[in-house]
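1. Please work out how this folds:
(4 chains)
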There are 2 protein chains.
Amino acid sequence: MSRIPATERRTALAHAALAVIGRDGLAAATTRAIVAEAGMSLASFHYAVASRDELLSDVIELVVAGEGTATSESLLTDSPDLRSTVRATFSAYLGLVRADPGREQAMFELTQHALRTPALAELPKQQYGSYQALAAQLLVAGAAVHGTSWSIPVDALARLVTALTDGITLAWLADRDDAAAETLLDLATDAVMTHTLNGAPE
Amino acid sequence: MSRIPATERRTALAHAALAVIGRDGLAAATTRAIVAEAGMSLASFHYAVASRDELLSDVIELVVAGEGTATSESLLTDSPDLRSTVRATFSAYLGLVRADPGREQAMFELTQHALRTPALAELPKQQYGSYQALAAQLLVAGAAVHGTSWSIPVDALARLVTALTDGITLAWLADRDDAAAETLLDLATDAVMTHTLNGAPE
DNA sequence: GCTTGTCTGGGACAGTTGACCCACTTTTCC
DNA sequence: GGAAAAGTGGGTCAACTGTCCCAGACAAGC
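-> Just a heads-up that it's a prediction; the model follows:
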């Protein structure tokens, strides 16, 4: 193993941990599994980071910073009207979930674990703030493209969008029912489109 | 410890496990913690159940059977109109979450663990089927009381309601923002009311 | 060139966990 | 009443986990 400064090792470990969690789950992300994924020796772990929980904190910060979450570029499409845009964005998101279910499940597992761990209890708040900020950004951009705006505060609508995507994801993870998921995407689109300035859900 | 038949011990262990998971999380629900909660000796555990995962399977079946989930009686209220009923039911649900956050978190943890465990992988499908059936039941009952019905299949609407409640719960668990949760309840109500026969969301 | 500080590898340790074994007691049933 | 079955308790085991230690290798600065 070549010599790598501790700070670099730290971020490499966080990335490795995220990979392991996505593939095998949080419970399988032991210190040994993480260093194996990163190609390091076990001693490097505690040289770079004080404890496993501290590394998990780094992992969540990684998620908050946007990695692990989809970027707005990958979700925002150009469609003839706002309704199509919203629907296409929901659809693109579901596509990401279906392409890598483990990664999305990793987000839930990290949240649940952080909520149960006093030292990490503040992180889910940031995590969901990050999600909602992404949703808000997409909502503003989508409305702007089609020269419209929303009839209620974007923050409130962003929270709705985040709740919907979480719910859509959990339901699909549980039963993998593609048809039902598509129908739910339609309803989610309706729910958002109710709050356009012109008001008409059609 | 008095003598108890193995089948009774098995259900008692499942209830104890659910209590431990709700209080301390799934990771803390070790065989020793569970038997301590149930007031049994460790040997009784493996006499009543073959493995820890088998007991967790029982726990999820408990959830599917309705325990751990709110009953429709506790959620269905009588309100002057359908919109008020829907809104009050959402509100009652959020009240349950706020009263015992750990219990609702336990549901998520059980789902995530089951999804990662091949032997339990089928259970989340039943779990979410159970949630959606409860939602469908509430939707039908609510519409019937006010002499209306829904403009789309109840199953599809039930999936939307379940997705919304999951999303509302996760967001509240993460940031404990009561005001934002109330606003989100309004939007969730709008999303459901869009699909009444008369159509008007007002 | 040599000292100082940074990094690395292998090994070790204590604690916890799921599982299990065996001797014992209690119930059941003939 | 006695044999068979059912249930109980304590102790034990191997595996795994997070953490740490220490001897050595490398890089940087004087």
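2. Confidence-wise, which helix or strand of chain A is lowest on average?
-> The helix or strand of chain A with the poorest confidence is helix A:72-75; it has a mean of 79 (mean pLDDT, DSSP states H and E).
3. and A:A17, what is it in contact with?
-> Residues near A:A17 by CB atoms under 8 Å, 6 or more residues apart in numbering or on different chains: A:A29, A:I34, A:E37, A:L55, A:L56, A:D58, A:V59. Glycine gets a C-beta too; all of them are placed from N, C-alpha and C.
4. Helices of chain A, start to end?
-> A:6-24, A:31-38, A:42-48, A:52-64, A:72-75, A:82-99, A:101-116, A:123-145, A:154-175, A:178-193 (DSSP state H).
5. tell me which residues of the second one are tucked away?
-> Right, the one you point to is helix A:31-38. A:T31, A:A33, A:I34, A:V35, A:E37, A:A38 (16 or more other CB atoms under 10 Å in any protein chain shown).
6. can you redo these as JSON lines with pLDDT and distance to B:W150?
-> Compiled in JSON lines, the buried residues of helix A:31-38 are given as follows (pLDDT from 0 to 100; distance: CB to CB, whole Å):
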{"residue": "A:T31", "pLDDT": "98", "distance to B:W150": "52"}
{"residue": "A:A33", "pLDDT": "98", "distance to B:W150": "48"}
{"residue": "A:I34", "pLDDT": "98", "distance to B:W150": "49"}
{"residue": "A:V35", "pLDDT": "98", "distance to B:W150": "54"}
{"residue": "A:E37", "pLDDT": "97", "distance to B:W150": "49"}
{"residue": "A:A38", "pLDDT": "97", "distance to B:W150": "52"}
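7. near DNA strand D, which of those residues show up?
-> For DNA strand D, the contacts drawn from those by CB under 7 Å from any atom of the strand are A:T31, A:A33.
8. phi, psi of the residue nearest the centre of chain A?
-> With distances taken as CA atoms, centre = their mean, chain A has A:T69 as the residue nearest its mean C-alpha position (3.6 Å). For A:T69, the backbone dihedrals (degrees, to the nearest 10) come out as phi -90, psi 150.
9. what does the model give it for pLDDT?
-> Per-residue pLDDT puts A:T69 at 75.
10. what's the spacing between it and DNA strand D?
-> 25 Å (CB to the nearest atom of the strand, to the nearest Å).
11. try A:E182
-> Relative to DNA strand D, and taking CB to the nearest atom of the strand, A:E182 is found at 39 Å.
12. Let me know how buried that residue is, in neighbour terms.
-> 12 (other CB atoms under 10 Å in any protein chain shown).
13. In contact with A:A121, which residues are there?
-> Counted by CB under 8 Å, 6+ apart, A:A121 has contacts A:A114, A:L115.
14. same thing with the one 4 residues further on?
-> Contacts were defined as CB under 8 Å, 6+ apart; by that measure A:K125 touches B:A174, B:D175, B:R176.
15. How much space separates it from A:V64?
-> Per CB to CB, to the nearest Å, A:K125 is found 10 Å from A:V64.
16. same deal with A:R83?
-> 31 Å.
17. what's the closest non-adjacent residue to A:T89?
-> A:L75 (5.1 Å; CB to CB, 6 or more residues apart in numbering or on different chains).
18. Now do that neighbour: how many residues are near it, please.
-> 21.
19. Touching, it and A:Q137? I think so.
-> No: A:L75 lies out of contact with A:Q137 (CB atoms under 8 Å); the separation is 9.9 Å.
20. Of all the residues in stretch A:123-139, which ones are buried?
-> A:123-128, A:130-132, A:134-139.
21. so what's the closest residue in space to A:T7 that isn't next to it in sequence up against?
-> Nearest in space to A:T7, with sequence neighbours left out and distances taken as CB to CB, 6+ apart, is A:A48 at 7.9 Å. For A:A48, the contact set (CB under 8 Å, 6+ apart) comprises A:A6, A:T7, A:R9, A:R10, A:L13.
22. distance of the second one from chain B?
-> Same thing as A:T7. Noted for A:T7: a distance of 29 Å to chain B, by CB to the nearest CB, to the nearest Å.
23. how near is that residue to B:T194?
-> From A:T7 to B:T194 the distance is 51 Å (CB to CB).
24. Looking at those two, which has the bigger crowd around it?
-> Between A:T7 and B:T194, B:T194 has the larger neighbour count (other CB under 10 Å), namely 20 against 9.
25. Tell me how far the more buried one lies from B:V140.
-> Distance, B:T194 to B:V140, by CB to CB: 17 Å.
26. looking at it, A:M193 is touching A:S84, isn't it?
-> No: if you go by CB under 8 Å, A:M193 and A:S84 don't touch, sitting 10.4 Å apart.
27. These two: which is more packed in?
-> Per other CB under 10 Å, whichever of A:M193 and A:S84 has more neighbours is A:M193, with 20 against 14.
28. Enumerate the residues of chain A near DNA strand D.
-> So chain A meets DNA strand D at A:3, A:28-33, A:42-43, A:45-46, A:50-53 (CB under 7 Å from any atom of the strand).
29. From these, pick the one nearest B:A158.
-> A:A28 (33.8 Å; CB to CB).
30. Identify the residues contacting A:L26.
-> For A:L26, counting by CB under 8 Å, 6+ apart, the contacting residues are A:A106, A:E109, A:L110, A:H113.
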